[in-house]
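Q: everything below, folded, please.
(chains A, B and C)
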Amino acid sequence: MLVAADIAPSSPERPLKKRKPPGARRAELVQGDNAGASAPTTSRDGKEDARARQRDMKSQKHGQQSMVTNGNVDNHDDDDDSHDDDDTLEFEDVALPDPTIQTMERDTDEEEDDDDDEEQIQFEDVDLALMNSFGLGESAEPEEPKVLELDLAAAQSNQRRQIAERRKPINKEEKDRRIVVHKTHLLCLLAHVSRRNRWCNDKTVQKNLRPLLSGKTIKYLNPSTELTQFGRTNSLKQGLEDVMAKFKTRYKITERGMRRALWAEKEEHLKNYQLPEDLETPSERSDFQEMAKSLEGSRDIGAQLFCALLRSAGVEARLVCSLQPLACTSGAPAMGKPPKARGKLSLEEQYARIPKYDSSFESPVAAPSPLSARRRLGHPNAAAFSAPITTGPTISTSSLTPKKIRESPFPIYWVEVLDEAHQKWQPVDPVVTESFWRPQKLEPPANDRENCMTYVVAFEADGTARDVTRRYAKAYNAKTRKMRVESVGERGDRWWRKALRTYSRGHETDMDQIESNELNNLEAREPMPRNVADFKDHPVYALERHLRRNEVLIPGASAAGTVGAGSTGPLEKIYRRRDVRVARTREKWYRMGRVIRENQVPVKFVPKRVKRDDLFGDDDDNDNMGEHGSDVVGNPLYTIEQTELYIAPRVVDGRVPRNRFGNLDIYVPSMVPPGGAYVAEEYGARAAFLLRIDYAPALTGFHFKGRQGTAVLHGVVVPAENEEAVRAVVAGLKDEEAEFAREMRTREVLRAWKRMLMNLRVRQRIWAGVEDDEEKEEGAGDGDEVEAPQRKRRRRVVTTDDEDEDEDEEDEAEGGDDDDDTEGGGFVREAPGRNGGDVESGGQQAMEMDVGGGGDSDEEEGGGFMIDDDYAGGFIVE
DNA sequence: GAATGTCGTT
DNA sequence: AATGCACGACATTC
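A: So this is what the prediction gives:
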């Protein structure tokens, strides 16, 4: 029952004063976005949440989930205790949490495929999309908290409007947005786990955990290589058993760990939503160190500490997390409506009625008292947080009976240990299932609302991570995959790979390859689904039922089995996906540069489109070769095997053949007619025309928008022998064009200069003799002070090299103020009382030039003043 | 849960 | 100025 709000709560421990640094605000925004976005139909609450978070940041304990975003924000200051101010993280950093790894990885990136760029964009898309959804796209500049409030308000109204606009629960927009949120959430989670993983290497943590390790145990954990393969594994297991037993008895679960994030479907559901009181506390390394000493905390922390413990004992251990992002599909369960939603019962009060939640700190906590998580340990009520809940007598601070923390019986975090003897990573879950070497035991059932295994990511001590979901998901292809980005949106798989690449080692080790093989084998061995639904979009199998409209089975396809629909139903044959082919119409193939061979019988007929306005049967007997006179037969489809490359009629005697529109279809390069050449230049037609060469504009595709498609013409086809000539002329035309553009730009620049100089001149007159005032002003006022916009504008008008610095400062202070052009009238009006006179050192450099001309701004350049071309040119080139 | 049909968006 | 009617969400019934 985790709501958006849960994942979003902004960093409670790094409150306002740290929000000063410029970058911090962006991160903050993203968090807010996350909250809002996660509650799509509930914008308002989301935002109020964000606000509320800012307010009670101090008093609230925040959940594990809040850490998520935290992990994002204070990613960099992980190993610092010194420069806290390093908060200046921007959202993009989520994608690149670990600079070192990132650089390591850069090499591989460059040699990578070309669509890397595209994927890069996708990352930014997440950012931008979220920003935009709050109407904050461009204005996200470093600003002061005050401005943040304003933006927040703007965002609120913006979202409110958006909500009002679409009442429909799930449309495409909504779907896309969910995908964006899903991705963002994933990145945040990755960053979060990565951070925890680094904590596991912390020396202090490991030192604090030391007492749990006996020499004997350590010995077991590091078996001598003289033992047999089996023996070594056994020793390792023995050691693990020891340390698990020790850990189990000593570690107390006192807080709630991470849960699955759920969407809220109704706005009311987020009203009064509050995080459970017993959510995990630590957000900083020092907290983690403390918990290593006290051995109390959530089960997640337990697993993390256990990982640190193993690492301190010399065991190669991974921190594994089953990420719990907001779903990207619409089928996912939603955060339920709170019972009695209408009533005054706040959620916490509702929780109070549910035994499983500890609600002893509901309202009193609201008292705003800035407490960091660290300090909260000293909070008067803190005792209750450390109250041993799982076993033994609990300290009950009030009449409320102590609540046991009830969570999913399956872990979110666990550990993987490298069984070196067998070169295999094996799961160890010391806290929840208390199992090891049992990967099957860790996947929660599908109906577990608090734990959904979708992405299992394992972080190694060196900070690299791998997606090991397939080791744990029993129906990866049939079920798990459908909940992941891979199967949603386009290029989702690439996105995920790219996201993980951030945490990749630059190279593949042998162990990596072994593991890849293992995972691939697991995937290949996955049993065939037993119900019909799981065959849908299955990467290996396919049912005829689920074939797309344009898909067809190859003739020799043999069934791999059968399924019955439901318990009772006709058996359907199961085919292999690789026996499925796409079939296309003649036209579609033509658009791919292929034509149907002679005497091919269509593999399939698809029903023709039925016109909307025709209620009387379909009388549109269009150009399908329907043999049946009365029955309407659909469009014939053919597979690629039934087609051959299209060869256009060749160019003879310099005559380029063309279609009935006078163009030539060049959908793919192979469609260029023999004897012809394709010149993909805008100027091709003009060039060919100038040369008096026969040419045909190339129809390269269609642009569809709305219902009507329009032809896209790009370039021309000319006789091959004329290609060179045409290209040469095209080059000439381009030069000409460039020259023209340069000229235009020159004129533009000259106009700008002119205007500026005229402004200067006016200024000179107006401000003559008041330099002293001006200077005093400049000297006295600190640059950061907020000034009236008019004044800023006025100052900005006087822009010379000398004042560049000033200007920069102002720009910063100004923030998102969009600087529309500097209308001369603005400042003229603004400084009415002043007399003309000499301008002194303010704009002298500019003033050296003759600023002639009167106030008429419409005058062409050259009229009022002259700037020689060289000067202007230099300016342009700059 | 599964099959079926309709509808809305593109 | 010139062509892509498919697919998922939802409701209903067995």
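Q: where are the low-confidence patches of chain A?
A: When residues are selected by pLDDT under 70, those of chain A lie in A:1-172, A:265-272, A:274-278, A:281-282, A:334-404, A:489, A:566-569, A:608-633, A:705-708, A:771-878.
Q: ok, longest strand in it?
A: In chain A, with assignment by DSSP state E, the single longest strand is strand A:708-719.
Q: give the buried residues for stretch A:315-324.
A: Along stretch A:315-324, these residues count as buried under the neighbour rule (16 or more other Cβ atoms under 10 Å): A:315, A:317, A:318, A:319, A:320, A:321, A:322, A:323, A:324. Glycine gets a C-beta too; all of them are placed from N, C-alpha and C.
Q: isn't the last one up against residue A:186?
A: No - in this structure, residue A:324 is not within contact of residue A:186 by Cβ atoms under 8 Å, at 10.0 Å.
Q: do a quick rundown of the helices in the stretch 201-350 of chain A.
A: Per DSSP state H, counting those that start in this stretch, the stretch 201-350 of chain A carries helices over the ranges A:203-209, A:215-221, A:229-250, A:267-270, A:285-294, A:299-312, A:347-353.
Q: if we can go back for a sec, which residues sit against the longest strand of chain A?
A: Contact with strand A:708-719 is made by A:651, A:654-656, A:661, A:663-664, A:666, A:672-673, A:675-682, A:684-685, A:688, A:693-703, A:726, as judged by Cβ atoms under 8 Å, 6 or more residues apart in numbering.
Q: can you tell if that strand touches DNA strand B?
A: No - Strand A:708-719 is not in contact with DNA strand B by Cβ under 7 Å from any atom of the strand; minimum separation 12.1 Å.
Q: name every strand pairing with that strand and say which way it goes.
A: Using DSSP bridges, the strands paired with strand A:708-719 are strand A:676-679 (antiparallel), strand A:696-705 (antiparallel).
Q: can you pull the contacts of residue A:518?
A: By Cβ under 8 Å, 6+ apart, the contact list for residue A:518 reads A:424, A:471.
Q: residue A:470 too?
A: Residue A:470 is in contact with A:476, A:519, A:520, A:522, A:523, counting by Cβ under 8 Å, 6+ apart.
Q: of the residues you listed, keep whichever come out buried.
A: A:476, A:519, A:522, A:523.
Q: list the beta-bridge partners for residue A:582.
A: Listed by DSSP bridges, the beta-bridge partners for residue A:582 are residue A:551.
Q: so what's the residue count around it?
A: The tally of other residues near residue A:582 (other Cβ atoms under 10 Å) stands at 14.
Q: against DNA strand B, how distant is it?
A: 19 Å (Cβ to the nearest atom of the strand, to the nearest Å).
Q: in space, what's closest to residue A:243 - neighbours in sequence excluded?
A: Excluding its sequence neighbours, the residue lying closest to residue A:243 (Cβ to Cβ, 6 or more residues apart in numbering) is residue A:217, at 5.3 Å.
Q: pretty sure that neighbour is in contact with residue A:237, am I right?
A: No - counting by Cβ under 8 Å, residue A:217 does not reach residue A:237; the two are 12.0 Å apart.
Q: and residue A:563, which of the three is it?
A: Under the three-state scheme (DSSP: H, G, I helix; E, B strand; the rest coil), residue A:563 adopts strand.
Q: which of the contacts of residue A:470 fall in strands?
A: Among the contacts of residue A:470, no member falls in strands (DSSP E).
Q: which among those gets closest to DNA strand C?
A: Set against DNA strand C, the nearest of those by Cβ to the nearest atom of the strand is residue A:476 (19.4 Å).
Q: for the closest one, give me phi and psi.
A: Dihedral angles of residue A:476 (phi, psi; degrees, to the nearest 10) stand at phi -60, psi -50.
Q: quick one: work out the angle between the helix or strand containing residue A:730 and strand A:708-719.
A: Assigned by DSSP states H and E, residue A:730 belongs to helix A:723-767. For helix A:723-767 against strand A:708-719, the angle by axes from the mean of the first three to the mean of the last three Cα atoms, to 10 degrees is 120 degrees.
Q: can you get me a residue count around residue A:442?
A: So residue A:442, with other Cβ under 10 Å, has 23 neighbours.
Q: and what of residue A:525?
A: Neighbours of residue A:525 under the rule other Cβ under 10 Å: 7.
Q: quick one, what contacts it?
A: So residue A:525 contacts nothing (Cβ under 8 Å, 6+ apart).
Q: just residue A:674 next, same as before
A: Per Cβ under 8 Å, 6+ apart, neighbours of residue A:674: A:647, A:648, A:650, A:651.
Q: again with residue A:512
A: Neighbour list for residue A:512: A:466, A:505 [criterion: Cβ under 8 Å, 6+ apart].
Q: where's it relative to residue A:238, distance?
A: Distance, residue A:512 to residue A:238, using Cβ to Cβ, to the nearest Å: 28 Å.
Q: phi, psi of the nearest residue to residue A:452 once chain neighbours are set aside?
A: Spatial nearest neighbour of residue A:452, excluding adjacent residues (Cβ to Cβ, 6+ apart): residue A:260 at 4.8 Å. Backbone torsions of residue A:260, given as degrees, to the nearest 10, read phi -70, psi 140.
Q: thinking residue A:260 is in contact with residue A:323, fair?
A: No - under the criterion of Cβ under 8 Å, residue A:260 makes no contact with residue A:323, lying 9.7 Å away.
Q: what's around residue A:314, how many residues?
A: If we define neighbours as other Cβ under 10 Å, then residue A:314 has 11 of them.
Q: that one - nearest residue in space that isn't next to it in sequence?
A: Nearest to residue A:314 is residue A:222, by Cβ to Cβ, 6+ apart, at 5.1 Å.
Q: let me see the contact set for residue A:637.
A: A:550, A:552, A:583, A:584, A:585, A:602, A:603, A:604, A:605, A:606.
Q: which member of the residues you listed is positioned nearest DNA strand C?
A: residue A:606 (5.5 Å).
Q: which residues does the closest one bridge with?
A: Applying DSSP bridges, one finds that residue A:606 bridges with residue A:635.
Q: quick one: it and residue A:588, what's the gap?
A: 11 Å.
Q: do residue A:240 as well
A: Distance, residue A:240 to residue A:588, using Cβ to Cβ: 59 Å.
Q: picking up where we left off before, top of the contacts of residue A:674 by neighbour count?
A: residue A:651 (24 neighbours).
Q: elements contacting the helix holding residue A:730?
A: Packing partners of helix A:723-767 (3 or more Cβ pairs under 8 Å, 6 or more residues apart in numbering; DSSP states H and E): strand A:676-679, helix A:684-690, helix A:789-797, helix A:824-830, helix A:844-848, helix A:869-877.
Q: now with 7 Å?
A: Packing partners of helix A:723-767 (3 or more Cβ pairs under 7 Å, 6 or more residues apart in numbering; DSSP states H and E): strand A:676-679, helix A:684-690, helix A:824-830, helix A:844-848, helix A:869-877.
Q: next, count neighbours for residue A:493.
A: By other Cβ under 10 Å, the residues close to residue A:493 number 14.
Q: more neighbours: which of residue A:240 and residue A:588?
A: residue A:240 (26 against 15).
Q: which residues are in contact with the more buried one?
A: Residues counted as contacts of residue A:240 (Cβ atoms under 7 Å, 6 or more residues apart in numbering) are A:417, A:428, A:436.
Q: which ones are touching the residue lying closest to residue A:409 once chain neighbours are set aside?
A: Leaving aside its sequence neighbours, residue A:409 sits nearest to residue A:432 (Cβ to Cβ, 6+ apart; 6.9 Å). Contacts for residue A:432 (Cβ under 7 Å, 6+ apart) come out as A:299, A:409, A:410, A:411.
Q: can you give me every residue that contacts the last one?
A: With contacts taken as Cβ under 7 Å, 6+ apart, residue A:411 has the following neighbours: A:299, A:303, A:429, A:431, A:432, A:433, A:442.
Q: distance check, the third one against DNA strand C.
A: Spelled out, that is residue A:429. Distance from residue A:429 to DNA strand C, by Cβ to the nearest atom of the strand: 34 Å.
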